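Chemist: Predicted model, plus sequence, below.
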Amino acid sequence: MPFVQQVAVGRRECLSVFGNDYPTPDGTGVRDYIHVDELAEGHICALEKLFTMDGGCIIHNLGSGTGYSVLEMVKAFEEACGKKIAYKIVDRRPGDLGTVIANAAKAKADFGWQTKRGLKEMCESAWKWQSNNPYGYEDGPGKELCALALCKRK
Ligand SMILES: O=c1ccn([C@@H]2O[C@H](COP(=O)(O)OP(=O)(O)O[C@H]3O[C@H](CO)[C@H](O)[C@H](O)[C@H]3O)[C@@H](O)[C@H]2O)c(=O)[nH]1
């Protein structure tokens, strides 16, 4: 996803798609992408659950249970940003699996967490951030804000 975004803002010439011969509908890798805000909310739910416990640890998957391929991501992002995303098919990345999808049933049962945002919303949100921060927070106009946040954490 970050690489797709970087192509859209002109920081990268094209996306290298790692393989198109996986046993997936279009041959490219399928992953369970979720919105970063929902990932954060899932962590807050888990912390709240921990506070009700008398020590110990919990393990939960945070995912949507739905997978999207690299080319589906590219298409959805093109629609969100209104630009073509240049890409080339290259060799598989060693160690990659064709499909990785999370089963988040336990997170739903234990603390009612589940994803609500789909691919379109995720891409629109990612584009909003990337187009406002083409070089990210650390090297872009948000540099001072980033330094301040790091300073406060010390
Ligand atoms: O330039 C790229 C980058 C990624 N992909 C593809 O996009 C999908 C997602 O790739 P990511 O690297 O974003 O995510 P992965 O799920 O493959 O791997 C990530 O999650 C893993 C755990 O699930 C490990 O933590 C790993 O180190 C981390 O990169 C994969 O099909 C990958 O082949 C490309 O085609 N081109």
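Modeler: Arrived safely. Quantities reported herein were computed from a predicted structural model and do not represent experimental measurements.
Chemist: and the helix or strand where G42 lies, is it in reach of the ligand?
Modeler: Per DSSP states H and E, G42 falls inside helix 36-51. No. With CB under 6 Å from any ligand atom as the criterion, the ligand is not reached by helix 36-51; the gap is at least 12.9 Å. All C-beta atoms are positioned from the backbone trio N, CA, C, and that covers glycine.
Chemist: For that helix, which residues meet the burial criterion?
Modeler: By neighbour count on 16 or more other CB atoms under 10 Å, the buried set for helix 36-51 is 38, 42, 45-46.
Chemist: go on, stretch 106-115?
Modeler: By neighbour count on 16+ other CB under 10 Å, the buried set for stretch 106-115 is 107, 111, 113, 115.
Chemist: And for stretch 83-98?
Modeler: So stretch 83-98, judged by 16+ other CB under 10 Å, has buried residues 85, 87, 98.
Chemist: Quick one: end-to-end distance for stretch 46-62.
Modeler: 10 Å (CA to CA, to the nearest Å).
Chemist: elements contacting the helix holding G42?
Modeler: Where contact means 3 or more CB pairs under 8 Å, 6 or more residues apart in numbering; DSSP states H and E, helix 36-51 is packed against helix 105-111.
Chemist: one step back: so can I have a markdown table of the buried residues of stretch 106-115 showing pLDDT and distance to the ligand?
Modeler: Shown next, in a markdown table, are the buried residues of stretch 106-115 (pLDDT from 0 to 100; distance: CB to the nearest ligand atom, whole Å):
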| residue | pLDDT | distance to the ligand |
| --- | --- | --- |
| A107 | 97 | 16 |
| F111 | 92 | 22 |
| W113 | 97 | 19 |
| T115 | 98 | 16 |
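Chemist: Let me know the closest of those residues to L150.
Modeler: W113 (29.2 Å; CB to CB).
Chemist: who's in contact with the closest one?
Modeler: 41-42, 45, 60, 62, 104, 107 (CB atoms under 8 Å, 6 or more residues apart in numbering).
Chemist: May I have the phi/psi pair for V100?
Modeler: phi -130, psi 110 (degrees, to the nearest 10).
Chemist: same thing with E13?
Modeler: Dihedral pair for E13: phi -70, psi -50, per degrees, to the nearest 10.
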